[in-house]
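In: Have a look at this prediction, sequence included:
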Amino acid sequence: MSRKFNFTNRSLASLPNHDASSPSSSAEYSDTQVRGLRMTVGKTGTKTFGMRYQTAAGIKRFARIGTFPAIELAEARAKALEMRAILDRGGDPLEDNDRLKAMPSFATFVNDEYLPFARQAKKSFKDDESKFRCHLLPKFGERRLCDISVRDIQLHHAEIRSSHSAATANRHLALLKAVFRKAIEWNRLTVSPAASTRLFRENSQNQRFLTPGEIGKIYAAMELEHNKTAVAALKLLLLTGTRRQEALRAKWVDVDLERGQWFLPETKSGRGRYVGLSEDAKALLAAQPSRGTSQWVFPGRDPQKPLNNPRKALSRILAAAGVDHIRIHDLRHTNASLAINSGASLFEVQNLLGHSTPQVTQRYAHLTASGLLEVSETIASVINEAVKEAQQEAQ
């Protein structure tokens, strides 16, 4: 029988055991349809598919595919063609196979490589940890990096959008893009499955601003809230328009009550900046019991650590005030809207909020010019008027 023929499952099944008296361990047969595909038959009848090839460097190799009939001919040919494609690209199927065996799972890569990097390089790493823990690791954790497809990324992006805002879905996608960029940079992958997925369009005009009436109700409800540290932090956010983490990580060493200045050494833009403190903001800070007892303006239960997140306190305050659909970040939007409505220019609001470019501040341009401290005083006076009106109505 010829050792070279067009393989079929029937012809392969009929191949005899290799001669027991032969000095060689097996007989080898070649497929005429797929170049390099081989079938070896041992003396006990074990039949094994393999691929014989020569690398670009001229090295001859044999890559085992699997045992027949556990692996049928169609699957063996498909794997042989995959190997042939690797060879055509100048690669080596055996080296690629070794790389696949060493390929980490998504969870292993995230926990052992990406997060240690992010904790050192990103200020928002805690937000990343939350996304990984609640969404991405349950979804992709056990899968190898190379097994996550473009379709998988797109489906996850759409799934998050079905129950969250476009902005939230886009933050998930941005994190996945960052993970796979690092996987390429660190020679784990050659192509990112997240690269081609486009962000959802975000409606930047769909901002939630507190009305003066709502501000009055919220201040009244704050008097009933037991977590006074959280209340003070929330008030400072509204008075200054700073970001949540900027306020929560405020240190006394950066606060100058005499000059009415608060220095932010670490901001989203990566550059430090000064925040003007209105008389109300100075009074609020001066009244904090942490002054002289903790490095943090708003310490947590452990005075050596900052307050983690006043979200639960805000939820209780909003429920008591009867105000809906307000997030902590909306206090920042409200501060900007009060400034615009009080006559501040977009340039002043850009500096007030610490935006790196005027384009970011343009979201407030649709709302109906003196230094930044005067703008802060104006905002504080509007808040004061709202609180007084609410108190008068309650009497």
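Out: Received it, and whenever you're ready, just let me know what you need.
In: residues touching the closest residue to residue 150 other than its chain neighbours, list them.
Out: With C-beta to C-beta, 6 or more residues apart in numbering as the criterion, residue 150 has its nearest non-adjacent residue at 4.8 Å, and that residue is residue 193. Yep, even glycine has a C-beta here, placed from its N, CA and C like the rest. For residue 193, the residues meeting the contact criterion (C-beta atoms under 8 Å, 6 or more residues apart in numbering) are 148-150, 152-153, 180.
In: Which elements pack onto whichever strand or helix holds residue 66?
Out: Secondary structure assigned from DSSP states H and E places residue 66 in strand 60-68. Taking 3 or more C-beta pairs under 8 Å, 6 or more residues apart in numbering; DSSP states H and E as contact, the helices and strands that strand 60-68 lies on are strand 47-54, helix 73-88, helix 93-101.
In: Look up how far residue 157 lies from residue 150.
Out: Using C-beta to C-beta, to the nearest Å, residue 150 is found at 11 Å from residue 157.
In: repeat for residue 166
Out: Taking C-beta to C-beta as the criterion, residue 166 is separated from residue 157 by 10 Å.
In: any residues in contact with both of these two?
Out: residue 200.
In: higher neighbour count, the two?
Out: Comparing residue 166 with residue 157 by neighbour count (other C-beta atoms under 10 Å), the higher total belongs to residue 157, at 20 against 16.
In: low-confidence ranges in the stretch 51-200 of the chain?
Out: Within the stretch 51-200 of the chain, the ranges that satisfy pLDDT under 70 run 96-100.
In: Go again with 50.
Out: Scanning the stretch 51-200 of the chain for pLDDT under 50 picks out nothing.
In: Just give the closest residue to residue 6, not the sequence neighbours.
Out: Excluding its sequence neighbours, the residue lying closest to residue 6 (C-beta to C-beta, 6+ apart) is residue 32, at 4.9 Å.
In: Name the stretch among the helices and strands packed on strand 60-68 that sits most buried.
Out: strand 47-54 (a mean of 19; mean count of other C-beta atoms under 10 Å).
In: what's next to it, contact-wise?
Out: By C-beta under 8 Å, 6+ apart, the list of residues contacting strand 47-54 from outside reads 12, 15, 26, 36-42, 60-69, 71, 76, 79-80, 83-84, 87, 93.
In: Mark which of those residues are buried, thanks.
Out: Buried by 16 or more other C-beta atoms under 10 Å: 12, 15, 26, 36-41, 63, 65, 68, 71, 76, 79-80, 83-84, 87, 93, out of the contacts of strand 47-54.
In: How many residues are close by residue 3?
Out: The tally of other residues near residue 3 (other C-beta under 10 Å) stands at 10.
In: Skipping its backbone neighbours, what lies nearest it in space?
Out: Once chain neighbours are set aside, the closest to residue 3 by C-beta to C-beta, 6+ apart is residue 29, at 5.2 Å.
In: Next one: the one you found relative to residue 48, how far apart?
Out: Remark: distance between residue 29 and residue 48 (C-beta to C-beta) = 11 Å.
In: okay, and the common contacts of those two?
Out: Listed contacts common to residue 29 and residue 48 are 39-40; contacts here mean C-beta under 8 Å, 6+ apart.
In: what's the distance between the nearest residue to residue 253 once chain neighbours are set aside and residue 162?
Out: Distance criterion C-beta to C-beta, 6+ apart; nearest residue to residue 253, sequence neighbours excluded, is residue 295 at 7.0 Å. Using C-beta to C-beta, one obtains 43 Å as the distance from residue 295 to residue 162.
In: Between those two, point out the one with more neighbours.
Out: Neighbour tally, residue 295 and residue 162, criterion other C-beta under 10 Å: the higher count belongs to residue 295, 15 against 7.
In: contacting residues around that one?
Out: 251-253, 304.
In: Most widely separated two among those residues?
Out: With C-beta to C-beta as the measure, no two of the contacts of residue 295 lie farther apart than 253 and 304, at 14.8 Å.
In: Backbone torsions only: list them for the nearest residue to residue 55 once chain neighbours are set aside.
Out: If the residues on either side of it in the chain are set aside, residue 55 comes closest to residue 92, at 5.2 Å by C-beta to C-beta, 6+ apart. Comment: the main-chain dihedrals of residue 92 come out as phi -130, psi 110, following degrees, to the nearest 10.
In: Confirm for me that residue 92 is in contact with residue 61.
Out: Yes - using C-beta atoms under 8 Å, residue 92 is in contact with residue 61, at 7.4 Å.
In: Show me whatever sits in contact with both of these two.
Out: What both residue 92 and residue 61 touch, as defined by C-beta under 8 Å, 6+ apart, is the set residue 55.
In: Quick check: buried residues in stretch 292-302?
Out: Neighbour-count burial for stretch 292-302, counted by 16+ other C-beta under 10 Å, picks out 294, 296-300.
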